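Participant: Need a 3D model of the following:
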Amino acid sequence: MLRRWPHKRERWALLSLGGGLLLHSLWLVSLHVTHTGVMVPALIGMVLLALALWGAAWQRWVHSRAWRVQLWRWGRWGFALWALSVAAYFVWLTHIGTGRPVDQAPQAMVVLGSTALKGKPSPTLAQRLNVAYGWAQQYPRIPVVVSGGMDLGQTVTEAQAMAEYLQARGLSPQRIVLEEKSTSTYENLVFSAKVLRSVGVNQDAPVLLVTSDFHTPRAGWIAARAGWRNLYAAGAPTPLYLRYNAWLREYFACISGWLFREY
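Facilitator: Numbers count the residues shown, from 1 in each chain. Down below sits the predicted model:
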């Protein structure tokens with residue numbers, strides 16, 4: 001005879017965890033943060049809520065056929081292994097630092113774009129720009145490339161929004177070089193290399209790359225594939241309320257980058 005599942009404590013645990021994941025994801029969506037790292041937790045939350053509410057019926061349906069029992073068992077093991085891989089990736093991110101430290105004066109800086117809504121940088125992008133501004137003050141003669149194309153539904157490119165943000169902070173517009181065609185990290189780095197060559201900086205020159213802290217490993221791998229040979233990384237902190245969703249998105253981005261041979 002099957003043990004009735006879930007029991008009261010299990011149901012409350014599923015409701016609490018599932019509801020928390022779903023509500024947090026919906027809150028981020030309300031802030032116009034919509035990417036894999038938000039949608040996957042939302043989906044997991046909905047599944048947990050469904051199990052809390054209809055777990056007994058699901059259990060009866062699964063156990064009515066032997067092959068369903070086996071498939072359910074494999075699915076649980078697969079999910080557990082996936083969750084362990086995500087946890088291992090998160091632990092790795094906490095220990096890698098923010099990339100190669102700067103030990104010689106860069107000849108240029110490249111700032112990678114992120115979401116810009118209505119011409120305003122997102123909190124993540126604003127952090128990158130704040131870090132870039134600090135480095136621009138330390139090296140006052142180098143050009144600053146802001147890299148990012150047009151987001152879906154927007155009328156201003158990421159690069160334009162970044163340039164306006166830096167100018168509002170006091171950076172001279174003569175130092176800012178726009179790269180407005182890219183739609184991915186790979187394109188950021190390939191197109192920025194072309195822009196830098198047009199101002200006399202080649203890919204052998206020391207260049208400072210500014211991006212988010214969690215993004216520095218993948219950006220470095222892609223840069224190496226794209227021909228950058230003397231790149232330094234400066235990682236900007238990620239706001240806490242976005243951090244783990246951003247890490248999850250980056251987890252999937254690392255997998256897709258490997259599959260599509262971006263590095």
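Participant: Distance check, residue 61 against residue 261.
Facilitator: The gap separating residue 61 from residue 261 is 42 Å, by CB to CB, to the nearest Å. For glycine as for every other residue, the C-beta is placed from the backbone atoms N, C-alpha and C.
Participant: And the two? Which one has more around it.
Facilitator: The neighbour comparison of residue 61 against residue 261 (other CB atoms under 10 Å) goes to residue 61, with 12 against 7.
Participant: Quick one: residues contacting the residue lying closest to residue 196 once chain neighbours are set aside.
Facilitator: Spatially, and ignoring its direct neighbours in sequence, residue 196 is nearest to residue 108 (5.5 Å; CB to CB, 6 or more residues apart in numbering). Going by CB atoms under 8 Å, 6 or more residues apart in numbering, residue 108 touches 142-145, 196, 199, 201, 205, 207-208.
Participant: Phi, psi for residue 108 please.
Facilitator: phi -160, psi 170 (degrees, to the nearest 10).
Participant: Repeat that for residue 109.
Facilitator: With angles defined as degrees, to the nearest 10, residue 109 sits at phi -130, psi 140.
Participant: where's it relative to residue 155, distance?
Facilitator: Distance from residue 109 to residue 155, counting by CB to CB: 26 Å.
Participant: For those two, indicate the residue with more neighbours.
Facilitator: Per other CB under 10 Å, whichever of residue 109 and residue 155 has more neighbours is residue 109, with 23 against 9.
Participant: related to what we said a few turns ago, find me the pLDDT at the residue nearest to residue 196, would you?
Facilitator: With respect to pLDDT, residue 108 scores 97.
Participant: same deal with residue 6?
Facilitator: With respect to pLDDT, residue 6 has a value of 80.
Participant: quick one, what contacts it?
Facilitator: Contacts of residue 6 by CB under 8 Å, 6+ apart are 14, 51-52, 55-56.
Participant: Just the ones of the residues you listed in strands?
Facilitator: For the contacts of residue 6, not one is inside strands, with DSSP state E as the criterion.
Participant: Rebuild the contacts of residue 108 as TSV, extending it with distance to residue 93 and secondary structure.
Facilitator: Formatted as TSV, those follow (distance: CB to CB, whole Å; DSSP: H, G, I helix; E, B strand; the rest coil):
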residue	distance to residue 93	secondary structure
142	29	coil
143	30	coil
144	27	strand
145	26	strand
196	28	helix
199	34	coil
201	30	coil
205	29	coil
207	24	strand
208	21	strand
